[in-house]
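Asks: Sequence and computational prediction follow.
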Amino acid sequence: MKQFLFDELIDIFLRMEQRNKQYFDIWDRLDIISHLIECTSNVDLFQNYKIPYHPSILSNNNDLQLRPILFDLYFFHLRHQIVNETITTNLINKGILLRLPKIHNRNLKSIVEYIFKQLKDYFLVRMTALLLCEINMNVYILNDVNSIISTIINEYLSIDQQSIKFNDYLQLFLSTIISQKSWNFLLNLLKSEIFQYLNNEWSTTLYCLLELKQIQKQNKYLQLCHQIQFTISSKNDSSIFPELHKPYEELREILDTCIKDNTNENQWQLLLDWIELKLNSNSIELQLKE
């Protein structure tokens, strides 16, 4: 109900502010950031504010009392707006060129800049990923598409070889494509001519980090989407999920042993013992959000 009322109020406010305009795209809706901040009684709440783009940001209930809920509603309003938007190169270019909205209270400039940058960056990355899911990469090779991809890669999607995980924007980019299409679509995209042409080093490096290493006894009837290991890198020092490696390897070895021991009437006892051990263990190796 709160979200519904907030959405209606935003639409009413925008129509009152610009009476001659019939439609407001997602970037038009960023103009009201300073107005919303002025409606917040305690601006100190924005010091460490992060837009709730992932459930883990809201995982701690104690933090909810310290969040500017008005801006959580604002983010969800904008995210829903993308569902109704037709993602085009013109829309993304408009976002790339977008400047800070008008600020009525100059004392709030730093806060407006902080919130504006988070929202702009998030939606630019997500919309670029959505655009790549819709266009035909073999036909739709235009200068504006090339320019957008190059800009987004250089600005947001860098790969740190020393880090054990991808940055937040790269995770958002990859997860958006996978959720909209598939894991295979993503890998094929990285190996496509346009990506190899625009940034061969970046696309090849990313492909190598994400590709599935074929096991010796590959079951031809087993699809990639049926395999747990498609989310686990073969190198635990460059994995997106480094904490998952230990339990995953344990389970993989136990399953392998049980399958090979097919002459034993208690073939799966080792697996049952392992499950029982984990159920009765007090140690928490993974957080719930992981």
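Replies: Structure received. Residues are numbered from 1 along each chain as shown.
Asks: In the stretch 101-250 of the chain, what residue spans correspond to helices?
Replies: Remark: helices assigned in the stretch 101-250 of the chain by DSSP state H, counting those that start in this stretch are 109-134, 143-156, 168-180, 183-190, 193-198, 200-210, 245-260.
Asks: next SSE after the last one?
Replies: Per DSSP states H and E, the first helix or strand lying C-terminal to helix 245-260 is helix 269-280.
Asks: For that next one, name the packing helices and strands.
Replies: Under the contact criterion of 3 or more CB pairs under 8 Å, 6 or more residues apart in numbering; DSSP states H and E, helix 269-280 touches helix 245-260. The C-beta positions use only the backbone N, C-alpha and C, and glycine is treated the same way.
Asks: What mean pLDDT does the helix it packs on get?
Replies: On average, the pLDDT along helix 245-260 is 83.
Asks: in the stretch 151-290 of the chain, which ranges drop under the pLDDT threshold?
Replies: Within the stretch 151-290 of the chain, the segments meeting pLDDT under 70 span 163-164, 212-245, 282-290.
Asks: how far away is the spatially most central residue of the chain from Glu113?
Replies: The C-alpha lying nearest the average C-alpha coordinate of the chain belongs to Leu172 (CA atoms, centre = their mean; 1.9 Å). Distance from Leu172 to Glu113, counting by CB to CB, to the nearest Å: 21 Å.
Asks: quick revisit: need the contact list for the closest residue to the residue nearest to the centre of the chain other than its chain neighbours.
Replies: Once flanking residues are discounted, Leu172 sits nearest to Val125: 5.4 Å by CB to CB, 6 or more residues apart in numbering. By CB atoms under 8 Å, 6 or more residues apart in numbering, Val125 lies in contact with Ile152, Tyr156, Leu157, Tyr169, Leu172, Phe173, Thr176.
Asks: burial measure for Val145, as a count.
Replies: Val145: 19 surrounding residues under other CB atoms under 10 Å.
Asks: Using a markdown table, please lay out the helices of the stretch 101-250 of the chain together with distance to Glu85.
Replies: Below are the helices of the stretch 101-250 of the chain laid out as a markdown table (distance: least, CB to CB, whole Å):
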| stretch | distance to Glu85 |
| --- | --- |
| helix 109-134 | 8 |
| helix 143-156 | 15 |
| helix 168-180 | 14 |
| helix 183-190 | 21 |
| helix 193-198 | 23 |
| helix 200-210 | 27 |
| helix 245-260 | 38 |
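Asks: out of these, which comes closest to Tyr23?
Replies: Ranking these by proximity to Tyr23 (CB to CB) places helix 109-134 first, at 17.0 Å.
Asks: what's the angle between the closest one and helix 143-156?
Replies: Relative orientation of helix 109-134 and helix 143-156, computed by axes from the mean of the first three to the mean of the last three CA atoms, to 10 degrees: 130 degrees.
Asks: can you give me how far stretch 67-83 is from the chain middle?
Replies: Mean-position distance between stretch 67-83 and its chain equals 16 Å (CA atoms, centre = their mean, to the nearest Å).
Asks: What residues of that stretch count as buried?
Replies: Within stretch 67-83, the residues that count as buried by 16 or more other CB atoms under 10 Å are Arg67, Pro68, Phe71, Asp72, Leu73, Tyr74, Phe75, Phe76, His77, Leu78, Arg79, Gln81.
Asks: Quick one: residues in contact with that stretch.
Replies: 2-3, 6-7, 10, 25-26, 29-30, 36, 39-40, 42, 45-46, 49, 51-53, 58, 115, 119, 123, 126-127, 130.
Asks: switch the cut-off to 6 Å
Replies: Gln3, Phe6, Asp7, Ile10, Ile26, Leu36, Thr40, Leu45, Ile51, Pro52 (CB atoms under 6 Å, 6 or more residues apart in numbering).
Asks: Need the buried ones from those residues selected in ChimeraX.
Replies: Listed next is the ChimeraX selection for buried residues among the contacts of stretch 67-83, using 16+ other CB under 10 Å:
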select :6,7,10,26,36,40,45,51,52
